[in-house]
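J.: Return a 3D structure for these sequence lines:
(one chain, ligands or ions: 1)
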Amino acid sequence: MAEGRKQAKMAAAEAVIHLVEDGMTLGLGTGSTASLAIEALGRRIEKEKLRVTGVPTSFASERLARACGIPLGTLDTNGDIDLAFDGADECDSGLNLIKGRGAAHTREKIVAFGASRFVILIDASKRVDRLGSHMPLPVEVVPMAVSPVMACLRALGAHPELRMGVKKDGPVVTDQGFWVIDAQFDAGISDPAIVDRTLLDTPGVLDHGLFLDMATDVLVGLDSGDVEHLRR
Ligand code: A5P
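T.: Reported below is the predicted structural model:
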């Protein structure tokens, strides 16, 4: 990763940890930027003896949080999330997002949904005029539904592709045991709300990576190390 971009992600990650207060329950996102924030949270807990509980959004963030000494809970034990933080693949001017490059979007959405505050951490390269301009939309599916869901995505104007494993033969298998289709839209997604509803109405779709009207704050890390704070 280029040095400037790494610094930008780190700036956003550090900034969200400044928003954390003693006693909070936190949603712990997944991905490279959320991981930097989890590590920064671990450092703050050690230094200030902060008492917080983290609810992780993936096996990856759970393992990292444990290694960083962050006490963990679940939505059963800690259902009221004060602040959830996470990265994103794309963010438009309305703070709508595409997430799921790491195939964790279903759990990320579940944890963020009930959060009082959902803070997104990005560098400036993730800002787009139209969602789907650069990144495909990830769709998590029950394996037997791959063909009909791909047909639905084609009807929506996308080019769907089953995501394949790296260092594993065959499809990527999510933390839930499902598969992921990446749907590329040539000119971006013209009506995200319709794509959202159509996919959720399609049997076999567990969830997709459009996060519409969910983010309350976006912290944009800049190469200079400054942070731009966008609010809904
Ligand atoms: C995980 O599935 C994703 O939703 C990530 O949160 C998203 O891809 C952002 O990841 P980076 O911070 O690594 O870019």
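J.: Now do the nearest residue to A145 once chain neighbours are set aside: how many residues are near it, please.
T.: Excluding the flanking residues, the one nearest A145 by C-beta to C-beta, 6 or more residues apart in numbering is G204, at 2.3 Å. Quick note: C-beta positions are derived from backbone N, CA and C, even for glycine. Look at G204: counted by other C-beta atoms under 10 Å, it has 17 neighbours.
J.: show me the contacts for G204.
T.: 141-142, 144-146, 148-149 (C-beta atoms under 8 Å, 6 or more residues apart in numbering).
J.: Look up how far P148 lies from it.
T.: As defined by C-beta to C-beta, to the nearest Å, G204 lies at a distance of 6 Å from P148.
J.: Stretch 164-174 vs the ligand: in contact?
T.: No - in terms of C-beta under 6 Å from any ligand atom, no part of stretch 164-174 sits within range of the ligand; the closest distance is 9.3 Å.
J.: Quote the end-to-end distance of that stretch.
T.: 11 Å (C-alpha to C-alpha, to the nearest Å).
J.: Tell me the buried residues in that stretch?
T.: 171-172, 174 (16 or more other C-beta atoms under 10 Å).
J.: Equivalent analysis for stretch 134-144, please.
T.: So, applying 16+ other C-beta under 10 Å, buried residues of stretch 134-144: 135-141.
J.: what does that stretch rub up against?
T.: By C-beta under 8 Å, 6+ apart, stretch 134-144 touches 89-90, 98-101, 103, 105-106, 128, 131, 149, 153, 158, 160-161, 163, 171, 174, 176, 178-185, 189, 195, 199, 204-210.
J.: what residues are up against E90?
T.: By C-beta under 8 Å, 6+ apart, the contact list for E90 reads 97-98, 126-128, 131-135.
J.: For G132, see how far away it is.
T.: In terms of C-beta to C-beta, E90 sits 7 Å off from G132.
J.: Need the overlap of contacts for these two.
T.: In contact with both E90 and G132: I98, using C-beta under 8 Å, 6+ apart.
J.: ok, back up a step: of the contacts of stretch 134-144, which count as buried by neighbour count?
T.: Buried among the contacts of stretch 134-144 by 16+ other C-beta under 10 Å: 89-90, 98-101, 103, 105-106, 128, 131, 149, 153, 158, 160, 163, 171, 174, 178-183, 185, 189, 195, 199, 204-210.
J.: Good, wrapping up.
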